[in-house]
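Q: Provided below are the primary sequence and the corresponding predicted coordinates.
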Amino acid sequence: MRQINRRVFLITPLAAGTVALHVPAARAALKNVEETEPKATAIGYRHDSTKVDRARYPKHDLTQKCHNCLAWAPDKPADEWGECDLMSDRMVHRNGWCSSYKKRKV
């Protein structure tokens, strides 16, 4: 059986706790995406799904919203703004939409 010295025993939980404290802080630092940002315009993102250009995106359906998309971060589904896998450094509105929408399987 391997012996664990006191230093390793004390440092391991301390390091794990430090990482756990910084994860929520990183999420809080994310800013909301603006529709005019290049990344957002490239995928046709809109904060409000009802304001999507129907001529440009004819397959858009009013039931398609960020909060029921596969890319929406599922940890906080009721939040107004949430993380999106496509916008890794920004938050998107729950009622938003983009051309990369893929319905989440329930």
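A: Yes, it's here.
Q: In the protein, what residue spans correspond to helices?
A: With helices called from DSSP state H, the chain shows them at 6-28, 38-42.
Q: Lowest mean pLDDT across the ones you listed, which one is that?
A: Lowest mean pLDDT of those: helix 6-28, a mean of 55.
Q: residue contacts, the spatially most central residue of the chain?
A: For the chain, the residue sitting closest to the mean C-alpha position, by C-alpha atoms, centre = their mean, is Glu83 at 1.4 Å. Contact analysis of Glu83 by C-beta atoms under 8 Å, 6 or more residues apart in numbering lists Arg27, Leu30, Trp72, Ala73, Met91, Val92. (C-beta placed from N, C-alpha, C; glycine too.)
Q: Is it bridged to anything, and to what?
A: Taking DSSP bridges as the rule, Glu83 bridges to Met91.
Q: Looking at it now. What's its pLDDT?
A: Confidence at Glu83, expressed as pLDDT, is 92.
Q: again, but for Lys105
A: In this model, Lys105 is scored at 85, pLDDT.
Q: Could you tell me how many residues sit around it?
A: Neighbour count of Lys105, defined by other C-beta atoms under 10 Å: 5.
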